[in-house]
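Student: fold the following.
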Amino acid sequence: MSSRPPVIWWIRRDLRLGDNPALTAAVNSGAPVLPVYILDEQEEALGAAPKFRLGLGLEHFGQDLAKAGSRLILRRGNARAVLQALIKDTGAGAVFWSRLYDPQAITRDTDIKQQLKAQGIKAESHGGRLLFEPWTARTKADGMFKVFTPFWKAVRGRDVASLLPAPAKLSAPDSWPASEDLASWHMDAAMRRGADVVKRYCRAGEAAAQARLDEFLEHAVDAYKARRDFPGEDATSGLSENLAWGEISPHRMWHQGRAAMERGSQGVEHFLKEIAWREFAYHLMYNSPQILTGSWREEWQAFPWSQDITPQVQAWQRGQTGYGFVDAAMRELYVTGTMHNRARMIVASFLTKHLMTHWKIGMDWFSDTLVDWDPASNAMGWQWVAGSGPDAAPFFRVFNPSGQLEKFDPEGTYTRRWIAEGQGSPPPTALDFFDAAPFSWDLAPDMPRADPVVSLQAGRERALAAYHAARETR
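Tutor: This next block holds a predicted model:
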């Protein structure tokens, strides 16, 4: 206990004790630390699966704080008003937090920092979500990077901050302010009956994230470059859900990866490049935030994508397109809240090209169904596939889902895992889809396989015709 005014540690998407610069700064201040999570308007607006997964993360993090002799204070409402009330109630003299980089968060945090400082309250924002602050990577012409390869060359040799230890114990304030009850927030409400299914596939918390990284570097990283595109294999780290909520830092992944590389592990450099790919997404979002709301390339603003939720789009959402790779991927998403990276490219290409539907329809669906949702990565990924973004795949690169299935799932492991129809004894993973899907979809495992919603050849030709016509009008 201490008579010193406490420091409010405003927790956001950094649900970890280890390697957390904002927490370290709070501890090093010598004052009692008051961990606070605020469910404000921006967090209330999260999609069903991200909000549900955030709830799981908060539950685990509260337990971790308790082990460190502390507790998690939960408040709901406008962040500025909540912080002001806490300062008044506790006499706190400082507020520390980890930076977020989307435009809404920047606007909110800048306003709060200015107000606190005007009141004589110390306000500090810290890094930790990214290896490098997005404004520090510049081209030789002092501009932003628009292509990944030169970005990677510019950052791969930079020093990455050393890992910070987790405090064994947090100094507690003399008295604790009231906290709301996490269960009363009903973070899983929008998931409806799918919550119990998806929860079984999540591995929430800092300890789970560390175990995942250790397992990957010990057993799978050597084959990562060669096998990462095969969705039926356990060839990736699975850390995206933990990274999204800050249960592990990119610094830890980077340093442990480099250590494995020095021990002779193969495939690590490609893993490090994937960490840098996420950095590139944040670099783009910070320097050109329009990537979140519209086609990044101005010439694509008028491209004739449909913005209607047609029966074909609904079939895509429900894993009923009649194409194995697409349907298996969309069901994996609905059951686990995640999707294999190769599969994400296939389903995005199918929607934006074969179905000629705007990438924002897909981005919004992912924003609602991904437990590893990340604003920068989601936007960049969709625009990369659609052809409208920076460093994008050309629009005329139309993935053939059948050909891709033959190449990356030749034994049918992935499709059998997620598609029950046609199997005498479907695995639990495939049956879970029917337990998670809304009753209104009227789906059952004994129904016949869906007919193709579009001819692959006709869909490709339509997409290319629209592309060439749009080019002629520019």
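
Student: low-confidence ranges in the stretch 1-150 of the chain?
Tutor: Along the stretch 1-150 of the chain, the model assigns pLDDT under 70 to residues 1-3.

Student: and the helices in it?
Tutor: 21-28, 41-44, 48-67, 79-90, 103-118, 148-155 (DSSP state H, counting those that start in this stretch).

Student: what angle sits between the fifth one and helix 79-90?
Tutor: Here the directions of helix 103-118 and helix 79-90 differ by 30 degrees (axes from the mean of the first three to the mean of the last three C-alpha atoms, to 10 degrees).

Student: the last one too?
Tutor: For helix 148-155 and helix 79-90, the angle between their directions (the same axes, to 10 degrees) works out to 30 degrees.

Student: can I get the helices of the stretch 1-150 of the chain in JSON lines with mean neighbour count and distance to residue 335?
Tutor: Every residue, glycine included, has its C-beta placed from N, CA and C. As requested, these are exported to JSON lines (neighbours: other C-beta atoms under 10 Å; distance: least, C-beta to C-beta, whole Å):
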{"stretch": "helix 21-28", "mean neighbour count": "21", "distance to residue 335": "34"}
{"stretch": "helix 41-44", "mean neighbour count": "14", "distance to residue 335": "25"}
{"stretch": "helix 48-67", "mean neighbour count": "21", "distance to residue 335": "11"}
{"stretch": "helix 79-90", "mean neighbour count": "17", "distance to residue 335": "34"}
{"stretch": "helix 103-118", "mean neighbour count": "14", "distance to residue 335": "30"}
{"stretch": "helix 148-155", "mean neighbour count": "16", "distance to residue 335": "31"}
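
Student: nearest to residue 429, out of those?
Tutor: helix 48-67 (17.4 Å; C-beta to C-beta).

Student: quick one: that closest one to chain centroid distance?
Tutor: Distance of helix 48-67 from the chain centroid (C-alpha atoms, centre = their mean, to the nearest Å) equals 15 Å.

Student: now do the helices in the stretch 201-350 of the chain.
Tutor: Under DSSP H, counting those that start in this stretch, the stretch 201-350 of the chain gives helices at 206-219, 224-227, 240-244, 250-262, 268-287, 311-317, 324-336, 341-349.

Student: against which helices or strands is the first one packed?
Tutor: Contacting helix 206-219 under the criterion 3 or more C-beta pairs under 8 Å, 6 or more residues apart in numbering; DSSP states H and E are the following elements: helix 48-67, helix 240-244, helix 250-262.

Student: okay, these in JSON lines with distance to residue 402 next?
Tutor: Supplementary listing: those in JSON lines, determined by distance: least, C-beta to C-beta, whole Å:
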{"stretch": "helix 48-67", "distance to residue 402": "28"}
{"stretch": "helix 240-244", "distance to residue 402": "27"}
{"stretch": "helix 250-262", "distance to residue 402": "35"}
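
Student: which ones are touching residue 454?
Tutor: Neighbouring residues of residue 454 by C-beta atoms under 8 Å, 6 or more residues apart in numbering: 312, 321, 354, 355.

Student: can you tell me how far residue 121 is from residue 29?
Tutor: According to C-beta to C-beta, to the nearest Å, residue 121 and residue 29 sit 13 Å apart.

Student: no, scratch that, I was asking about residue 208
Tutor: Counting by C-beta to C-beta - residue 208 and residue 29 are separated by 30 Å.

Student: over to residue 465?
Tutor: Here the criterion is C-beta to C-beta. By it, residue 465 lies 63 Å from residue 29.

Student: those two - which one has more neighbours?
Tutor: Legend: neighbour count by other C-beta atoms under 10 Å for residue 465 and residue 29, higher for residue 29 (18 against 11).

Student: pretty sure the more buried one contacts residue 94?
Tutor: Yes: judged on C-beta atoms under 8 Å, residue 29 makes contact with residue 94 at a distance of 6.6 Å.

Student: common neighbours of the two, please.
Tutor: residue 7.

Student: from memory residue 80 sits against residue 111, does it?
Tutor: Yes: using C-beta under 8 Å, residue 80 is in contact with residue 111, at 6.8 Å.

Student: if we can go back for a sec, can I get the contacts of residue 454 in a markdown table including neighbour count and distance to residue 451?
Tutor: A markdown table is the format used below for the contacts of residue 454 (neighbours: other C-beta atoms under 10 Å; distance: C-beta to C-beta, whole Å):
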| residue | neighbour count | distance to residue 451 |
| --- | --- | --- |
| 312 | 20 | 12 |
| 321 | 26 | 9 |
| 354 | 28 | 15 |
| 355 | 24 | 15 |
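
Student: between those residues, which sits nearest residue 291?
Tutor: Each of the contacts of residue 454 was scored against residue 291 by C-beta to C-beta, and residue 355 proved nearest at 22.2 Å.

Student: list the residues that contact the closest residue to that closest one other than its chain neighbours.
Tutor: Nearest residue to residue 355 in three dimensions, chain neighbours excluded: residue 312, at 5.3 Å (C-beta to C-beta, 6 or more residues apart in numbering). Going by C-beta under 8 Å, 6+ apart, residue 312 touches 321, 355, 357, 453, 454.

Student: turn those into a markdown table, columns for distance to residue 387 and secondary structure.
Tutor: What follows is the contacts of residue 312, written out as a markdown table (distance: C-beta to C-beta, whole Å; DSSP: H, G, I helix; E, B strand; the rest coil):
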| residue | distance to residue 387 | secondary structure |
| --- | --- | --- |
| 321 | 21 | coil |
| 355 | 15 | coil |
| 357 | 14 | strand |
| 453 | 22 | coil |
| 454 | 19 | coil |
